[in-house]
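> my questions are about this predicted structure, shown below with the sequence.
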Amino acid sequence: MKVIHTADWHLGQTFYGYDRGKEHELFLDWLCDLIKERGTELLLIAGDVFDNPNPSAEAQRIYYSFLKRITAENEGLQIIVTAGNHDSAARIEAPSPLLNAFNVHVSGVVHYKDGEIDYDSMIIPIANNGCCLAVPYLRHSDLPEADSYSEGVAKMYQNLYERAREKGYSPIIAMGHLQASGAEVSVGDASEHIIIGGMEGLDADFANSGIVYTALGHLHKAQRVARRENVRYSGAPLPMSFAERRNRQSVTEVVIEGNSCNIEKIEFDTPAKLLSIPEKPEAIDIVLDEISRLATGKADCHAPYLEIKLLVTTVDPTIRQRIEDALADKYVRLANISATSNIVRGEGECSPMTYDEFKKADPIELIKEIYRRCEEKSMPKHLESLLSEVIKEVQNEDSSNKR
C-alpha cells in the first residue's frame with residue numbers, strides 16, 4: 001500500500017499581512033501531481049488543515065477544490081483527515097456525509113455511544129484488510145479516565161489498537177495531532193510551541209509497537225520521534241514563521257508491505273522563501289549595506305519574505321522610512337523589522353532589549369540612562385522633575401483625546 005502523509009497546511013494563514021493563498025494552491029497542485037505520479041492509494045492529512053477555527057470562504061474554497069480534483073483524478077484513492085488544534089473540530093467534520101461518498105473520511109471530534117467513547121468511529125478500514133486509527137486533536141474531556149493527560153492519550157491509543165486487533169485488522173496505522181517528547185521544536189517559534197493538554201510532550205510509546213506507521217501533525221519540522229522510524233511528523237508544507245526558515249518542507253511517502261514499511265521524505269520547493277538579514281541585529285548602516293546586496297526586481301507573490309534584524313542605538317524616527325526606501329527596487333516583501341536595543345536596563349547594566357520590551361519600559365529611566373551615557377554624569381534633579389512633568393502632561397492629553 002502506498003501512503004502519503006502530510007499535515008499542518010494552515011490554509012488561510014496570512015504572513016505579516018500577506019495572503020498566502022497562491023502559495024497554498026501551488027503546494028496542493030504539486031501534491032496532486034505527486035499522488036498521481038506515485039500511484040498513491042491513501043492520503044493522510046494529520047490536522048491543522050486550516051489556520052484558525054473560522055476559516056475564510058477563500059480558504060475553504062482552496063480545500064474543497066483540492067478534494068474535488070484529487071478524488072476525480074485518482075480513482076480508488078482514499079483520504080483520511082483528522083482535526084488539529086487550529087481547526088474547528090465540528091466544522092471540519094460537518095461535511096462528512098457528503099465527503100464519505102468520495103472516499104474521504106474526516107475525524108474531527110471524539111464521539112460517544114451510550115455514554116462511552118465510540119472507538120469504532122475512529123477505526124477506519126483501509127485496503128488490504130488494514131485500518132487507520134484516525135485520532136483527532138484530543139482535549140482532556142475527550143480522554144478515557146486516567147491520572148494525567150499523557151496517560152489518557154496513551155490509554156486512548158491502546159484501547160483503539162486492541163479494538164482494531166479484536167476486529168481482525170492488519171496492518172494498523174495511526175494518526176495523531178500532538179506534541180511528542182523527543183521531537184524538535186523550532187527555537188522561538190510561537191506558531192507551533194503550544195502546550196497541548198497542559199503537557200510539554202508525550203512519550204513516543206503512546207503508539208503501540210504493533211502499529212506499522214504513526215502519522216503525526218502539530219510540529220512543523222519533518223522528523224522522526226525518539227528514534228522510532230515509523231513514528232513521524234511530516235512537517236508543514238510552508239514555513240509558518242521566520243524561526244522555520246531553515247526547515248526543508250516535505251511530505252512523507254510510506255510504502256507498507258505486510259507489517260513493515262519503507263519511508264521516504266519527498267521535499268517541496270516552497271515558492272516564496274524566507275530571508276532574515278543580518279544574521280544578528282546590527283545598526284542601521286550595516287542593515288542598509290546588506291539590503292543593497294539583495295536582488296532587484298518588482299516583487300510579486302513569489303518574492304521572498306524579508307525579516308530585518310535591527311539594532312537600535314539611538315532615537316531616529318526616520319529608520320523605517322530609510323529601510324523602505326532602500327527596499328523600493330528589491331525583489332523582496334518586507335514582512336518584519338525585529339528591533340533590538342542595547343539601551344541600558346538598569347544603572348550601568350547594558351543588555352539587548354526587544355522592541356516590545358522597549359515599549360513597556362519606564363521612559364524616565366531610559367532617558368536618564370541616555371543622559372548619563374552622553375554626559376558621563378547623572379541627570380540633575382531639576383531636569384528629572386521637568387521631564388516627569390512633561391511626560392505626565394502628554395499622558396493626560398493622550399487620555400483626554402481617547403475619551
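Everything's here; your move.

> so where is the stretch 51-200 of the chain shaky, pLDDT-wise?
Within the stretch 51-200 of the chain, the segments meeting pLDDT under 70 span 186-200.

> so where do the helices sit in it?
For the stretch 51-200 of the chain, applying DSSP state H, counting those that start in this stretch gives helices covering 57-73, 89-93, 96-99, 149-166.

> between the ones you listed, which gets nearest to Ser292?
Nearest to Ser292 among the helices of the stretch 51-200 of the chain is helix 57-73 (36.9 Å), distances taken as C-beta to C-beta. Using the backbone N, CA and C atoms, a C-beta is placed for each residue, glycine as well.

> so which of the helices of the stretch 51-200 of the chain comes closest to Asn247?
helix 57-73 (21.9 Å).

> now do the residue lying farthest from the centre of the chain, the pLDDT please.
Distance from the centre of the chain peaks at His382, with 52.1 Å (C-alpha atoms, centre = their mean). Listed pLDDT for His382 reads 87.

> let me see the contact set for Ile124.
Counting by C-beta atoms under 8 Å, 6 or more residues apart in numbering, Ile124 makes contact with Ile80, His105, Ser107, Cys131, Cys132, Leu133, Ala134.

> burial count for the residue nearest to His177 when sequence neighbours are not counted?
Nearest residue to His177, sequence neighbours excluded (C-beta to C-beta, 6 or more residues apart in numbering): Gly47, at 3.3 Å. Gly47 is flanked by 29 other residues according to other C-beta atoms under 10 Å.

> on that earlier part again, hmm, who's touching the helix or strand containing the residue farthest from the centre of the chain?
Assigned by DSSP states H and E, His382 belongs to helix 381-402. Helix 381-402 is contacted from outside by Pro363, Ile364, Ile367, Lys368, Tyr371, Met379, using C-beta under 8 Å, 6+ apart.

> same deal with stretch 147-157?
117, 133, 135, 138, 140, 142-146, 174, 176, 178, 197-199, 202-203, 205-208.

> in ChimeraX, how would I select just the buried ones from the residues you listed?
One line in ChimeraX is enough to select the buried ones among those; burial here means 16 or more other C-beta atoms under 10 Å:
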select :117,133,135,138,142,143,144,174,176,178,197,202,206,207,208
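
> ok, the residue farthest from the centre of the chain to Glu389 distance?
11 Å (C-beta to C-beta, to the nearest Å).

> what do you get for Gln249?
Gln249 is 56 Å from Glu389, by C-beta to C-beta.

> between those two, tell me which one has more neighbours.
Between Gln249 and Glu389, counting by other C-beta under 10 Å, Gln249 is the more crowded of the two (19 against 10).

> contacting residues for that one?
Residues counted as contacts of Gln249 (C-beta under 8 Å, 6+ apart) are Ala222, Gly235, Ala236, Pro237, Leu238, Pro239, Glu267, Phe268, Asp269, Thr270.

> identify, from those residues, the entry nearest to Ser88.
Ala236 (19.1 Å).

> quick check, the closest one in contact with Arg248.
No: using C-beta atoms under 8 Å, Ala236 is not in contact with Arg248, being 11.0 Å away.
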